[in-house]
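# just to be clear, the model below is a prediction. Sequence and coordinates:
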Protein chains: 2
Amino acid sequence: MTKKQALLKAAESKVRQGGYSNFSFRELATDVGIKSASVHYHFPTKADLGAELARQYTETFLGALGDPEVLVSEGKDPIDTYVDLFRQALIKDEKMCLCGLLGAETDCLPDKVRAETKQFFERNLAWLERAHKLHKKVDQKEAQLLAIKTVSLLEGAMMISKAIDNNDLFNQAVALA
Amino acid sequence: MTKKQALLKAAESKVRQGGYSNFSFRELATDVGIKSASVHYHFPTKADLGAELARQYTETFLGALGDPEVLVSEGKDPIDTYVDLFRQALIKDEKMCLCGLLGAETDCLPDKVRAETKQFFERNLAWLERAHKLHKKVDQKEAQLLAIKTVSLLEGAMMISKAIDNNDLFNQAVALA
DNA sequence: GTCTATAATTTGATAGAC
DNA sequence: GTCTATCAAATTATAGAC
């Protein structure tokens, strides 16, 4: 892994625990074994690092989801795949969704970080809309509503499971019926 | 309003925008017209202020909800009342739920702030459980599930509406069917 | 209750050598 | 790419006067 990727990885862990303000160039530098001045070589400003972090997180997340068309053609329910990815983020990493935390503090983010955070949700909604249309055969408008409800429920369930410190809550929140 | 209440009010606004790290004693002091050292007279440490903030927010929130039994006896759906309180927080204040934001960054909070944040959700779940049992006449276990789903959906819908900067999303997320 | 003064630490960022 | 050195600003907190 390149130093740049190691810096982003260290930053992701910290932001997913305490938000945008919960990492400093000095801490990241120590984590990867360089000095804070060197971090500025890879990322001119903190906002640059934050924006790149959100951008890569979005890419990785959507990449892990795959194409809803392909999932359906394999006989899978794409919504189950979506829920499982959130579950994994919470249970395995024991952390919030990066963009969930950033989204909540959107008013205080640098412009470019806020823009990337917004993109995460726009692309997630687009993915879910397609998934719902394919799987449940609902119309456009209904698929849109279901997409909004799905991502809202999942982000909220993550947040509350963290707050109460009980992952069972997540599973109960996302259980059918 | 006492200076102490004014300080808490100023802190609430800041935390609901950017989280626990988004207020400093100096800023609060300036907002209410005193010096930062004087803030320590009212709140020994930042954690003390944060804990008191979350505690009062919880009290005010549950106080505004009222008793679900009374609401039902007046012919109201207590869940509608609950949704409306969240809607008001988002639309009128243009801010996240205080404890939603704090809950998301729970891992990095001082112990006493984390504890008060947890209480907010425990008491909200208890309120919703009673409300669902009264209104929909479901059994205990089902009411518990509905409570978890309700608060998850609302907190998540707030977060995403903030992130995408479109309050219509909130209304779509919480719309029935 | 509020002030001045100050301490100790952390932060984001830059200049310039290697 | 990474370093040393440094800066200006901000932060939480305390001591002690009024």
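It's in.
# ok, now which ones touch A:Val39?
By Cβ atoms under 8 Å, 6 or more residues apart in numbering or on different chains, the contact list for A:Val39 reads A:Leu7, A:Phe25, A:Leu28, A:Ala29, A:Leu49. (Each C-beta comes from the backbone N, C-alpha and C, glycine too.)
# and the residues you listed near DNA strand D, which?
Intersecting the contacts of A:Val39 with the contacts of DNA strand D gives A:Ala29 (criterion: Cβ under 7 Å from any atom of the strand).
# show me the contacts of A:Val39 that map onto helices.
A:Leu7, A:Phe25, A:Leu28, A:Ala29, A:Leu49 (DSSP state H).
# which one of the residues you listed is nearest DNA strand D?
DNA strand D lies nearest to A:Ala29 out of these, by Cβ to the nearest atom of the strand, at 6.6 Å.
# find the nearest non-adjacent residue to the closest one, please.
A:Ser36 (4.4 Å; Cβ to Cβ, 6 or more residues apart in numbering or on different chains).
# so what's the residue count around that neighbour?
Applying other Cβ atoms under 10 Å in any protein chain shown, we find 13 residues neighbouring A:Ser36.
# which residues does it contact?
Contacts of A:Ser36 (Cβ under 8 Å, 6+ apart): A:Ser24, A:Phe25, A:Arg26, A:Leu28, A:Ala29.
# rerun at 10 Å
A:Ser24, A:Phe25, A:Arg26, A:Glu27, A:Leu28, A:Ala29, A:Thr30 (Cβ atoms under 10 Å, 6 or more residues apart in numbering or on different chains).
# residues in contact with the residue in chain A positioned nearest to DNA strand C?
Nearest residue of chain A to DNA strand C: A:Ser24, at 3.0 Å (Cβ to the nearest atom of the strand). Contacts for A:Ser24 (Cβ under 10 Å, 6+ apart) come out as A:Ala11, A:Lys14, A:Thr30, A:Ser36, A:Val39, A:Lys46.
# of those residues, which belong to helices?
A:Ala11, A:Lys14, A:Thr30, A:Ser36, A:Val39, A:Lys46.
# tell me, how many neighbours does the first one end up with?
Taking other Cβ under 10 Å as the criterion, the count of residues near A:Ala11 is 26.
# before we move on, back to that, buried only: go through the contacts of A:Ser36 for me.
Among the contacts of A:Ser36, the ones that count as buried by 16 or more other Cβ atoms under 10 Å in any protein chain shown are A:Phe25, A:Leu28, A:Ala29.
# reformat the residues you listed as TSV; add pLDDT.
Below are the buried ones among the contacts of A:Ser36 laid out as TSV (pLDDT from 0 to 100):
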residue	pLDDT
A:Phe25	98
A:Leu28	98
A:Ala29	98
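# quick one: which of the residues you listed is nearest B:Arg114?
Ranked by distance to B:Arg114 (Cβ to Cβ), those are led by A:Leu28 at 24.6 Å.
# distance of the closest one from A:Val151?
Distance of A:Leu28 to A:Val151, computed by Cβ to Cβ, to the nearest Å: 29 Å.
# kindly report the same for A:Gly33.
Per Cβ to Cβ, A:Gly33 is found 37 Å from A:Val151.
# pLDDT at A:His135, what is it?
Predicted confidence (pLDDT) for A:His135: 88.
# who touches the residue lying closest to A:Leu7 once chain neighbours are set aside in this structure?
Leaving aside its chain neighbours, A:Leu7 sits nearest to A:Leu28 (5.1 Å; criterion: Cβ to Cβ, 6+ apart). By Cβ under 10 Å, 6+ apart, the contact list for A:Leu28 reads A:6-11, A:13-14, A:34, A:36, A:39, A:42-43, A:46, A:49.
# would you mind checking these for buried ones?
A:6-8, A:10-11, A:13-14, A:34, A:39, A:42-43, A:46, A:49.
# sorry, back to before: what's the residue of chain A closest to DNA strand C sitting at in phi/psi?
Dihedral pair for A:Ser24: phi -130, psi 160, per degrees, to the nearest 10.
# how about the contacts made by A:Ala10?
With Cβ under 10 Å, 6+ apart, A:Ala10 has these contacts: A:Phe23, A:Glu27, A:Leu28, A:Ala29, A:Thr30, A:Asp31, A:Val32.
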